[in-house]
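Student: Based on what follows, work out the 3D shape:
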Amino acid sequence: MSSVVKDTHHDDHPSGIMRWIRTTNHKDIGTLYLWFAMIMFFIGGFMALIIRSELFQPGLQFVDPQFFNSMTTMHALVMLFGVVMPAFTGLANWLIPMMVGGPDMALPRMNNWSFWILPFAFSMLLSTLWMDGGAPAGGWTLYPPLSLQTGDAFPFLIFSIHFMGLSSIMGAINVIATILNMRAPGMTLMKMPLFVWTWLITAFLLIAVMPVLAGGVTMLLTDKFFGTSFFNAAGGGDPVMFQHIFWFFGHPEVYILILPSFGVVSSIIPTFARKPLFGYSSMVYATASIAFLSFIVWAHHMFTVGIPLAGELFFMFATMLIAVPTGVKVFNWVTTMWKGAMTFETPMLFAIAFIVMFTIGGFSGLMLAITPADFQYHDTYFVVAHFHYVLVPGSIFAIMAACYYWLPKWTGNMYPETLGKIHFWLSTFFVNLTFFPMHFVGLAGMPRRIPDYSLQFADYNMIASIGAFGFGIAQILFLYIVIKTIKGGKKATDQVWDGADGLEWTLPSPPPYHSFNTPPVVK
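Tutor: Numbering: from 1, shown residues only. Alright, predicted model coming up:
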């Protein structure tokens, strides 16, 4: 009997590669998610550089138009589903059990499964690059009939999206189960750190909208292979119906990509301002309001498809309404910093840059919400500028801020502060050099998703391409900093563990205990 027990015990603690394959530890799985996101970040970034190389000057230089369209499609799918969502799920895995005082995630085996689906999903997606007929080239929105022109790659694309959705839904169930069932005694909902709140709301959004995407792409699949006519006008279907289905998923998805950023920034700013977060309750309610409103604004992506005037007015005003809770959040972050004893370490720099540039993205979003104006902006580079300002200095900067902020906790080592600041300034300069000129070429009428353009757009496109390569090269420095910090460096002090004056966990209340395994630092 004892030998059986011994064997079982040995199985529970595998070493080497099996440790990572079979792990049910929330920290290991969080690490896997974050490394997966880093790898996909460089793959998706390489695709972006192919796009910007082609657009460096007018004319067709490097790729044919079909492959260019494949790159825009794949770049978007990789960055959204392969970088931002897994990175935030990795942060959730690492931090939520610690922040609520739980020993692990509620469903550890499902946690393992939800991660290991991802490498297979993205292997399927990336394998389409080598298939007959080329990779999917219908845009990340997959609008029919264009998306149905794809050759052998199409079923691989659809099944990879199903796997991504499955992974997201399982991760979301796990987050909800953990937050609702595993809080330490005394940790009421309104005492949770804001990162936990934003993830709780994000998880409900995921569970609500991922099945909508699954339904939409399954209908595409049956239209292509099983003779249905959901979106085929010749068979009595309606291609615009797909847009409604897609954007009913797609607009809440935009908030799935940004709400955890709000939680990260709400954790970092109080620490480096040495003040409690201003307006905790209003932040919780604002986050919930944004999530609710995200379900009733989907057709602002569709002003030009011919919806009735009453519909256009409704979606215009509903979209503008989202600016109110978003403004509340920005106001609260700025007020938290007001008269604080601020220091500007790398996480704080990224958090402040997030507020400034996310706000720029918000203002351009308001411009796009104005229906008659949107008729001019729609499908131009202005839209590309808008959503990249939300997603790169928004989601990506928040993820980087989180990595710098929590790496000392995760590894016990301090990151090199000077290199971190160099990375920040390079990233900030080049991200603006890349995306700000796109506002101008968009307002001047340059359409998006094209490999060639008129001569008058040449100068700004050249600037944007230079910025893109600069931003890409700067991220190699980020990878170097992360690896260097993991391998060693100056030991983290107890200040890092407690945050500034014990404010590390977003006030009003720090958790009663945490599950850090690192031994205390001896002074």
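
Student: from here on, contacts and neighbour counts on C-alpha atoms
Tutor: Will do.

Student: Show me where the stretch 351-500 of the chain has its helices.
Tutor: With DSSP state H, counting those that start in this stretch as the criterion, the stretch 351-500 of the chain has helices at 371-377, 381-390, 397-411, 417-443, 458-487, 494-498.

Student: Tell me which residues touch the residue at minimal distance from the centre of the chain, please.
Tutor: The centroid of the chain falls nearest to residue 84 when counting by CA atoms, centre = their mean (2.8 Å). With contact taken as CA atoms under 8 Å, 6 or more residues apart in numbering, residue 84 is in contact with 37, 257, 395, 396, 399.

Student: Identify all contacting residues around stretch 116-131.
Tutor: Stretch 116-131 is contacted by residues 21, 36, 78, 82, 134-136, 152-153, 156-157, 159-161, 163-164, 167 when judged by CA under 8 Å, 6+ apart.

Student: Just the buried subset of those, written out for ChimeraX, thanks.
Tutor: A single ChimeraX command selects the buried members of those (16 or more other CA atoms under 10 Å):
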select :21,36,78,82,134,135,136,153,156,157,159,160,161,163,164,167
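
Student: Which of the contacts of stretch 116-131 fall within helices?
Tutor: Per DSSP state H, helices hold the following members of the contacts of stretch 116-131: 21, 36, 153, 156, 157, 159, 160, 161, 163, 164, 167.

Student: Might one say that the second one is in contact with residue 86?
Tutor: Right, the one you point to is residue 36. Yes - with contact defined as CA atoms under 8 Å, residue 36 counts as touching residue 86 (7.5 Å).

Student: Can you give me the neighbour number for residue 38?
Tutor: The burial metric for residue 38, expressed as a neighbour count using other CA atoms under 10 Å, is 19.

Student: For it, pull up the helix or strand it's in.
Tutor: Taking DSSP states H and E as the criterion, residue 38 maps to helix 26-54.

Student: tilt between the longest helix belonging to the chain and helix 397-411?
Tutor: Of all the segments assigned as helix in the chain under DSSP H, the longest by residue count is helix 239-273. Angle between the axes of helix 239-273 and helix 397-411 is 50 degrees (criterion: axes from the mean of the first three to the mean of the last three CA atoms, to 10 degrees).

Student: Now that we have the contacts of residue 84, can you turn them into a markdown table and tack on pLDDT?
Tutor: Formatted as a markdown table, these follow (pLDDT from 0 to 100):
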| residue | pLDDT |
| --- | --- |
| 37 | 98 |
| 257 | 96 |
| 395 | 97 |
| 396 | 98 |
| 399 | 98 |
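
Student: Looks like residue 233 contacts residue 239 (just checking).
Tutor: Yes - in terms of CA under 8 Å, residue 233 counts as a neighbour of residue 239; the distance is 6.8 Å.

Student: Give me the more crowded residue out of these two.
Tutor: Legend: neighbour count by other CA under 10 Å for residue 233 and residue 239, higher for residue 239 (16 against 12).

Student: if I look at the more buried one, how far off is residue 232?
Tutor: Relative to residue 232, residue 239 is positioned 6 Å away (criterion: CA to CA, to the nearest Å).

Student: what is in contact with these two at once?
Tutor: Here residue 239 and residue 232 have residue 145 as joint contacts, going by CA under 8 Å, 6+ apart.

Student: Among the contacts of residue 84, find the one with the greatest number of neighbours, please.
Tutor: Most neighbours among the contacts of residue 84, by other CA under 10 Å: residue 395, with 28 neighbours.

Student: quick one: that one and residue 257 touch, right?
Tutor: Yes - under the criterion of CA under 8 Å, residue 395 makes contact with residue 257 at 6.5 Å.

Student: what's the longest helix of the chain packed up against?
Tutor: Based on contacts counted as 3 or more CA pairs under 8 Å, 6 or more residues apart in numbering; DSSP states H and E, the elements that helix 239-273 packs against are helix 85-100, helix 194-225, helix 280-293, helix 309-337, helix 346-369, helix 397-411.

Student: Could you rerun that using 7 Å?
Tutor: With contacts taken as 3 or more CA pairs under 7 Å, 6 or more residues apart in numbering; DSSP states H and E, helix 239-273 sits against helix 194-225, helix 346-369, helix 397-411.

Student: which parts of it are buried?
Tutor: Buried residues in helix 239-273, defined by neighbour count with 16+ other CA under 10 Å: 239-240, 242-273.

Student: For burial, what's the neighbour tally of residue 441?
Tutor: Neighbour count of residue 441, defined by other CA under 10 Å: 22.

Student: That one touches residue 456, doesn't it?
Tutor: No - under the criterion of CA atoms under 7 Å, residue 441 makes no contact with residue 456, lying 8.8 Å away.
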